[in-house]
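[1] Fold the following.
(chains A and B)
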Amino acid sequence: MIEKKIADFIDSALSDEASLSGFYNRDMLILESPKDPSHGDIATNIAFRMAKPLKKNPKDLAENISKILSSALAMSPLKIEIDGIEPLNGFINMCLSAGALRDVIKQVRAAGTKFGMSDTGKGTKVQVEFVSANPTGTLSVAHARQAAFGDSLSNILSANGYDVTREYYINDEGVQIAVLGRSIYARYRELIGDKYEFPENGYRGEYIREMAVRFREEYGDRYKAETPENLKVYSEWGCDYLLNEIKKELLDFGVKFDVWFSQKALGTSGKIEGTLDVLDKKGLLYESEGALWFKSTMFGDDKDRVVKKSDGAYTYVTPDIAYHKDKFERGFKKVIDILGPDHHGYINRIKAAVQALGYPAGAVNIIIIQLATLYKNGQPVKMSTRAGEYITLREVLDEVGKDAARFFLLMRKASAHLDFDLELAKKQTQENPVFYVQYAHARISSIIAAAKVSEGQIDKADLGLLCAPEELNLFRELRQYPAIVRLSAQEEDPYRIITYLQALAACFHKFYEADKVITEDAALTEARLYLISCVRQVLANGLTLLGVSCPAKM
RNA sequence: GCGCCUGUAGCUCAAUUGGAUAGAGCGUCAGCCUCCGGAGCUGAAGGUUGUGCGUUCAAUUCGCACCAGGCGCACCA
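    Numbers count the residues shown, from 1 in each chain, chains lettered A, B, ... in the order given. Here you go, the predicted structure:
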């Protein structure tokens, strides 16, 4: 990596400089790529950092350091890669030579689909738990955003060398599943013409009626009597049925889980009791008002939490505490929970529990995904889960397709609310960012096909012919990609990939407009084909991380 | 009342984690097809970064206090 070489070079030049000794150390050295291209390719603010201890004006110091570096450069093999070192406003700017810039396409060509990957994760076992929607309804747009996010984040972590497991936690027992059973049962009774009062907290969505019809087709009137045993049949059948629907929808959305973890199985395994025992032995449980409490305030929660109600039942968090213990016992070093915004009151509880169980607080990271607001004809689409009226993942998929849905849902960082314009996502025009990026990929594919030049010939192209400004800009853009992938993993958010791909696509379209790829000049044609094949590769690598397809034709 | 998230161009959002003249897309206006895909490109206009203090050589970024919007504050799940 050229950055590493430059950092080493500056480091040794400054360390050797007597007038600076005692004031410089490597930690002060930060390299960045300036956003303004006229400031060169790589810059450092070292003069600002050293100005104070040296009691000097940063501007003068930058000029001084530039001179030191320039004369050191004259004797360094790096001089063929760095074109110049110039101070400006206290910054020290360096320009890379065309040759050094060009180097990136050789790397892309050689690494192919692996370009941009890193081993920063060093095989660390990471679990990403996401969606985990209760099987009491179909998936909503909120789940769609969580699904796209979790899946893409998993891809990004894998690309950075983490060993990732995608997991879905199934809430397949408890109050809400009982309510589901009752709701189906009530619709069933209506179906056979009985006057039956619908449960007050029941699920009112239309799908429950459809399920009742299905149920009756399958079992007839065998479970007509309102007994606890029969209601359980409705609950379990409904839960299985909906879980299947959810699995199908997720597959159509391109999301595959490695593990489907059943809460019911957790309950029967005795792990919940085991977990409470552990907490009890640590003296972190106490009884009060007939209930059992967990001293979560000892670990930063704002109040202690009930883990076992006075009626003997567990609260919502209790199985979750056991579940998190189980995660760590399965060897995950890092656990990422992706949740909706209605769960943020829950972060401190889980973090407290994880610490109480003896794991570091940082081992679990809870990411809250803000809601996406759908817009149709410029109007926000109102949603209410209670009334069973919400836009489902299925509807969004049917309306705009997988690629546009995933792209749009990942465009903003997780912490930001997101506006999703369904009309825009459907448009096959320049206004639609997903088409803009895919179009660049398709256009390149089309040019390469039209050129009829063999890969072998492209491999042997004379890259020295690539020196037009638009070509150098493409090199500069391509160079950024590995850093973007690394940063996305570090920030645990895929949105930067999108921003980057839009910039790369724009950079390519400009190049395309500036001059032709296929010309009379065979050598130049080959060199340009080499370049655009690399652009296509990086577009494809990025889109793949997002789970968006890379069409050769549109 | 307490906690979390958000506030940047008319709209939707960026800004390399504290750097240089705050950038894109859409929309508006003005241009570009004898040409590998015009599903594209070029240009113009558009800003007191919600407000006010503070820290710093440097603040959209950090701290404090306000203002506005969203969400959450159960022995519900």
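
[2] Just checking the helix or strand containing residue A:280 against RNA strand B, any contact.
    Residue A:280 is located in helix A:271-281, with elements delineated by DSSP states H and E. No. Helix A:271-281 stays clear of RNA strand B (C-beta under 7 Å from any atom of the strand), getting no nearer than 13.3 Å. The way it works is simple: take the backbone N, C-alpha and C, and place the C-beta from them, glycine included.

[3] ok, residues contacting that helix?
    A:266, A:285, A:292, A:294, A:307-308, A:314, A:318-319, A:321-322, A:325-326, A:356-357 (C-beta atoms under 8 Å, 6 or more residues apart in numbering).

[4] Over to stretch A:438-449?
    So stretch A:438-449 is contacted by A:403, A:504-505, A:508-509, A:512, A:517-518, A:529, A:532-533, A:535-536, A:539-540, A:543, A:548-554 (C-beta under 8 Å, 6+ apart).

[5] buried set for that stretch?
    The neighbour-count check on stretch A:438-449 (16 or more other C-beta atoms under 10 Å) flags A:438, A:439, A:440, A:441, A:442, A:443, A:444, A:445, A:447, A:448 as buried.

[6] can you check stretch A:275-290 too?
    Result for stretch A:275-290 [16+ other C-beta under 10 Å]: buried residues A:275, A:276, A:278, A:279, A:284, A:285.

[7] Next one: the fourth one relative to residue A:303, how far apart?
    Here the distance between residue A:279 and residue A:303 works out to 17 Å (C-beta to C-beta, to the nearest Å).

[8] swap in the fifth one?
    Taken as C-beta to C-beta, the spacing of residue A:284 relative to residue A:303 amounts to 14 Å.

[9] Next: the first one.
    If you measure residue A:275 against residue A:303 using C-beta to C-beta, the figure is 20 Å.

[10] before we move on, the earlier item: out of the buried residues of stretch A:438-449, who's near RNA strand B?
    Near RNA strand B, by the rule C-beta under 7 Å from any atom of the strand, you find A:439, A:442, A:443, A:445, A:447 out of the buried residues of stretch A:438-449.

[11] tell me which element the residue nearest to residue A:407 when sequence neighbours are not counted falls in.
    The spatially closest residue to residue A:407, leaving aside those adjacent along the chain, is residue A:434, at 3.9 Å (C-beta to C-beta, 6 or more residues apart in numbering). Assessed by DSSP H and E, residue A:434 sits inside helix A:433-451.

[12] Show the average pLDDT along that helix.
    If you average the pLDDT over helix A:433-451, you get 91.

[13] hey, C-alpha coordinates of it in CSV?
    C-alpha atoms of helix A:433-451 as CSV (Å, rounded to 0.1, in the frame of the first residue of the first chain):
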residue,chain,number,x,y,z
PRO,A,433,-30.1,6.3,-7.9
VAL,A,434,-30.2,2.5,-8.1
PHE,A,435,-30.7,2.6,-11.8
TYR,A,436,-27.9,5.2,-12.1
VAL,A,437,-25.4,2.8,-10.6
GLN,A,438,-26.7,-0.3,-12.3
TYR,A,439,-26.8,1.6,-15.6
ALA,A,440,-23.1,2.3,-15.3
HIS,A,441,-22.5,-1.4,-14.8
ALA,A,442,-24.7,-2.4,-17.8
ARG,A,443,-23.1,0.3,-20.0
ILE,A,444,-19.6,-1.0,-19.3
SER,A,445,-20.7,-4.6,-20.0
SER,A,446,-22.2,-3.5,-23.2
ILE,A,447,-19.0,-1.7,-24.3
ILE,A,448,-16.8,-4.6,-23.5
ALA,A,449,-19.1,-6.9,-25.4
ALA,A,450,-19.1,-4.6,-28.4
ALA,A,451,-15.3,-4.2,-28.4
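
[14] Okay, buried residues for the helix or strand that it is followed by please.
    Downstream of helix A:433-451, the next assigned helix or strand under DSSP H and E is helix A:455-459. Of all the residues in helix A:455-459, those buried under the rule 16+ other C-beta under 10 Å are residue A:458.

[15] Tell me which residues are up against helix A:455-459.
    Here helix A:455-459 has contacts from A:109, A:526, A:529, A:530, A:533, using C-beta under 8 Å, 6+ apart.

[16] What is the nearest of these to RNA strand B?
    Nearest to RNA strand B among the contacts of helix A:455-459, counting by C-beta to the nearest atom of the strand, is residue A:529 at 9.2 Å.
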